[in-house]
Each structure stands twice: as structure tokens, then as C-alpha cells.
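Peer 1: Fold the following.
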Amino acid sequence: MNLDLTWRLLKGGGRRGMLGTWLTLGAVAVATALLLFAVAANSAFQARAERGAWRNPVPVSSGAVAVEASRYDFVRDQAITVIDLAALGKAPAPPSGLPRFPAPGEVWLSPALAELAKELPAAELADRYPDPEGVLGDEALVHPGELVAVVGHEPGAPAMTAARSDDWIVAKPPAKVASLAGKPSEDAEAYRMLSLIASVLMVVPLLVFGGAAARLTVARRDQRLAALRLVGATPGQVVAMTVTEAVIVALAGALTGAVAFALAVPLLAGIRMQGGPWFASDLFPDPLILAAVLVAVPLLVGLSAVAGLRRVVVSPLGVAKRETPPAMRFVRVLALLAVLAAFPLLTRGTSVAIVAVALALAFLCVNLAGPWVVGMIGRITAGSARGPARLLAGRRLVDDPRSAWRTVSGVALTGFVAGFLGLLSPAAFDDQAAGPPQLRVTAPAGQAAELTGRARERLREAGVTATVQPVKNVVVASLGSAADAATLDRARTALSRLVPGRTPTTETDDQRFGTQILADVRVGTIVVLSVSFLVAIASSGITAMSSVLDRRQAYGLLRLAGTPLEVLDRARRAETLIPLTVMGGGAILVGAFCAMPFMIGGINVIGVTTLVGCVVAGFAGVIGAGALSRPLLRSVTADPAPRPD
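Peer 2: Okay, the predicted model is just below:
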């Protein structure tokens, strides 16, 4: 009976009642789609770490079946991952994506590298990896289009026994391994930890937004449920109908959001991180995780709806009479101050997981303190008002600070993200290489002079004009000022086997890993801020329209009393922009405070620019979202005669 009555009430709410239902469904759909994206990011980095684990050998002292080493090579300003393998006796099982363990002298290339070797002249690339045996499968690649070469050797070959330079160009020196299973590299683990922190910065606002979705059109629902209590409905029936209504709408929204996410996966796969885009399969979360999200979102919405029913169940007459709820306690602000005081201690020399928890606590406490601060802002605004618009705005903030906070919470929480990430946005390297390119090869001790002569001869045979000289234990080949990318790659090929296991590199190559990290952090910052702003703008637009529906009777009475529509609209804008300015600025300061323990080298121009851009975009988004609800305000006040709900 409860289900049938709930369904009838849901359908019988009229055109504007159904609009409120559609707003809730849309809010849940947006929250679900973005929540799946945040979850999928962690799954995708995990998949990359697992596929690249075979390149990160686990050394053993006994039971070894192979020797493995890895290094980086370069072509056309792209990095090539080179894996050197040698079997110790019988060939062991190959990693996924490699048909068989490479025999000595065999070369296997990734599809993208094989294609590039065909396109470029042999002297620029193919001569480094002659006569490839075949291509690697996607299972052996970290991302689509990755350049990878697997080279087989004898166990005693110089490439497998010679000492290698101790820098990032040598990913792993030769090591005896019991299998090619390997383990995720330190770089892969670092990206996973960064993705965890990014997920917290995205998920917490999404959970807050999802919970707020259950409170949309809360006044209309409370009035309806209070009327049912007054005519004899039991508290259990009221709770059951509320949960049923919320779960029905939330489940439909969650399924819609899941479909929207699936349709967006091809676009999301194009985001470049760690040197390339993504396999689409990596971005689809595990079916169990997907099911958990589709269950958790309606459950969260249902619990949030129940949390707001206390007044209806205990005092339905107070709801029917529109009594102002009790004021909130200052303990909300004390909780935020306590977390901020403990934050530097929680994040000092600790794990990334604890840092993520500390950030989540700070996030949630900002959301907890928000309504109390909004109520205080309302009292100050009403007390200092010099016109009807600000007086109405102040009284509305005092009367329902929770509703006002829901309108601006998205942008305020985005301000926290912007304050945290904006100040951490890294600057580029200041000492970029200038002048003609120089290739450098580290020589074994005492062999620099001999290898310098060989380098001159090889470059001469390759038709490359260069000045070659030893600098301590490094052979330095300075190319002419007219050297282009093709000339540089011919020189790389000529010097590729000068010292076994060592790669000729430029200064730019040596900085490439740091440059990539900076680029990836910037991309991650843009992604997180984009998600946050999408949530903020969607939250502002949906809650603004919901607020108009909730207050349509109050707006009608004000219009009957002679209040001009423009005054009502100015009051609505003030009701949003005043708390937004205070709370948005406060959230930015809180985010910046939380970023201080992680700052290295002070504030940079990029960080400040990012922060200012976030503030401008946030205000513009909220103002634009509020403008979308103006036609609805005009509609509900067109016939000012109040209608019973």
C-alpha cells in the first residue's frame, strides 16, 4: 500500500511537482556519472601498473630463470622503453602480450614503434632495432601508442653484464629474476597515490552533492508528508514513503548517470597521462564496483531524505505552520577548527592514505560548518540592510541556512579544491636547454678518450657533422646549429651501441621525466577542477530552481503584497552571492592552508593564475546558473494567488 500511495503521490505532484522530481533525478545522474569517473581513474591507474609490472624485475639470489634490464631510448622527442632479456637455460614463460621469450638477437616492437620504424629512414630508427621478429600485444603496453622494444640477448652479452649509469634513463639495471611477473614500479605507485588524493578531492563534493539531491524540493515534500501525519499516517509510513520516493528517483538517476558515463568513456580515454591516452577497457570499473556505486548512491539519497524527516515525524503541525527550525550550534565551526589545527600534524611525514583521509575530514568539516556560517551571514545582512532586497535575502538566509548553503556549497567546496591545487600547481623547469643539441654518453672509467674516437667515426659514417670531445667520463657530441630532429635521430642511432646498455641523451632527455610529471600534475589539476566546477554549476542551477519551487507560495504572497518581481530577483541574487563571497573565499583560504605542508619553493605564477581563474569561473557559473531559474520565478509569480499543496 505504501508503495502504491508513494507512486501516486509522485505522479500526482503536478507539472511543477514533476519538475522537482526531474531536478532530483538530474542531480543524481550527474553525481553518479562523475563518481564513476573518480572510481574509474583509480581502476585505470591500477590496470596500467599491473600491465607494466613485467618491466620492473624482482631480483632473486637463487632460482633465477632470466636476466632482465630496462632503459629508455628516444626518437622524434618521444621516449622508447627498451627491455633487454636473456634466458638462463630453458626459456621461461613470457609476459602477457609477448608470444614467446625472445631468443638472443631477436627484437619485438610495439605496434606504434613498428609503424614508426617503417615511416622513418632506417638510419634514424630501424637500424637500432633491426629485423623485428613481431609485434607486442596490448597486454604488454601501458597505454595505446606506447613505444616499446624487447631485445633478446645471451646471458653473458655486454648489455646484460656491463655497469649502467645511475639515473632515470636506466629504469632498471640487469637483475636475475625468478619470473617475468615483476611488480608495479615506484612511478606507477606514485601515480596511484596521486590519483587517490585526486579522487578524494572529487568524491567528497560529489557525496555532498548526492546527499543534497535528496533535499531538493524538501519544503514541498515536508508539507505533503506533514499533512499525511496530521490525517493519521504513522511515523513508520511517513519514513517508508519518503525512502521509497527518494530511492525510486535516485535509482533512475543512478542508472542514467551510469549510461552517461559509459557513453563518455571514449572521450575520457583521450586524456593523456603518463605519456599517452588510455585503453577504454581500463576506464570501466569492475562490475562489483559498478554495482556497489549503483546501490550506494540510492542508499545515500534515501538516508539523506530520512535525515530530514525528524521535524515531520515529531512535529508535523510545526511543519504545516512553517515554523523556523532551531538554530544550529557553534560546535560545527569548532569541528572545522579542530581538524585544521591537527592537519599539519596528520600530514607530516605520513602515508598518502592518511593525507587523503585528512583532506576528506577537512572537506566534510567545511560542509558541516557552512550552514552555521550562512545563518550568521544572514543575521548580519538583515541587520545591516538598507533596502527590501537585502532584507529579504538576509531573512531567507536566517530562516533556512541549510537550503542557502546547498545553493552555494558546490562552488564553496570547489574553492577548497582550487585553493589546495592552485597553490600546488608546479612551475616549468627554468633551465631549459638552449643552443645546438648535445648528445652525451657516459663511458666506463678510463675509456672516455677511446670512445670519443669511435663516436667521431660513427657520426662521420652517418653523415652527421658534430664536434666530439670527452668531458671527464662523458663523451659529448655537439651537433651543428642547423641540426634538425632527423639529424639528431641519426646521431642517436649512430651512437646507440657505443657503450652497451647506455643511451645517448640530450639535456632535454635528462629532464623528460620531471617535465612529464609536471605536465601530468597540470592535467590532473585541470581534470579535478573541471569535475569540481561541473558539480558546482550543476548544484547551483538545480538547487536554485528547486528553491523557487519550494518557495513558490511565499513568492506568491509577496507578489500579492505588492513586491515587484525585480525586488524578488535581486533578493535571490543577494541570497546567493553574499554567502558565496564569504564562504567561497573562506573555503579557498582553508584549501590553501591545507596545501601549505606540501608546498616546495613557494608560490608560482601558474598557481596564482589558476586560483584567480577558478574564482572568476566559479562566480560566473553561479550567476549563470541563477539566471537560468529566472524564467521559473516569473512563471510561479505570474498567478500570485497561493495554491494549496
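
Peer 1: bridging residues for V468?
Peer 2: A477 (DSSP bridges).

Peer 1: For it, grab the count of nearby residues.
Peer 2: 21 (other Cβ atoms under 10 Å). Every C-beta, even on glycine, is put in place using the N, C-alpha and C of the backbone.

Peer 1: try L558
Peer 2: L558, neighbours per other Cβ under 10 Å, totals 20.

Peer 1: for G182, same thing?
Peer 2: 18.

Peer 1: Which elements pack onto the helix or strand that A252 is a member of?
Peer 2: Per DSSP states H and E, A252 falls inside helix 235-268. Here helix 235-268 touches helix 2-11, helix 14-51, helix 218-230, helix 287-307, helix 310-314, going by 3 or more Cβ pairs under 8 Å, 6 or more residues apart in numbering; DSSP states H and E.

Peer 1: Off-centre distance for it?
Peer 2: 23 Å (Cα atoms, centre = their mean, to the nearest Å).

Peer 1: how much does that helix deviate in direction from helix 14-51?
Peer 2: 50 degrees (axes from the mean of the first three to the mean of the last three Cα atoms, to 10 degrees).

Peer 1: Mind listing what's buried along helix 235-268?
Peer 2: 237-258, 261, 265, 268 (16 or more other Cβ atoms under 10 Å).

Peer 1: I'd like the average pLDDT over stretch 470-486.
Peer 2: Stretch 470-486 comes out with an average pLDDT of 85.

Peer 1: Mind listing residues that contact that stretch?
Peer 2: Identification of contacts with stretch 470-486 by Cβ atoms under 8 Å, 6 or more residues apart in numbering yields 76-77, 121, 124, 435-445, 448-449, 451-452, 455, 459, 464-469, 487-488, 491, 495, 498, 504.

Peer 1: give me phi/psi at T505?
Peer 2: Dihedral pair for T505: phi -130, psi 160, per degrees, to the nearest 10.

Peer 1: Tell me how far it lies from L109.
Peer 2: Separation of T505 from L109 (Cβ to Cβ, to the nearest Å): 21 Å.

Peer 1: Identify each buried residue in stretch 21-34, please.
Peer 2: 21, 23-34.

Peer 1: Skipping its backbone neighbours, what lies nearest A625 in space?
Peer 2: G541 (3.5 Å; Cβ to Cβ, 6 or more residues apart in numbering).

Peer 1: ok, and the residue most central in space within the chain, which helix or strand is that part of?
Peer 2: In the chain, the centroid-proximal residue (Cα atoms, centre = their mean) is V528; its distance is 4.1 Å. In this assignment (DSSP H and E), V528 forms part of helix 512-550.

Peer 1: what's the angle from the next helix or strand after that helix to helix 512-550?
Peer 2: Next along the chain after helix 512-550, taking DSSP H and E as the criterion, comes helix 552-560. Calculated by the same axes, to 10 degrees, helix 552-560 forms an angle of 60 degrees with helix 512-550.

Peer 1: Mind listing what's buried along helix 552-560?
Peer 2: Buried-residue list, helix 552-560, by 16+ other Cβ under 10 Å: R552, Q553, A554, Y555, G556, L558, R559.

Peer 1: L633 is in contact with the last one, correct?
Peer 2: No. Between R559 and L633 no contact is recorded; they are 10.3 Å apart, counting by Cβ atoms under 8 Å.

Peer 1: remind me which residues of the stretch 101-250 of the chain are low pLDDT?
Peer 2: 164-171, 208, 210-239, 242 (pLDDT under 70).

Peer 1: residue boundaries of the helices in it?
Peer 2: For the stretch 101-250 of the chain, the helices defined by DSSP state H, counting those that start in this stretch occupy 111-119, 158-161, 186-213, 218-230, 235-268.
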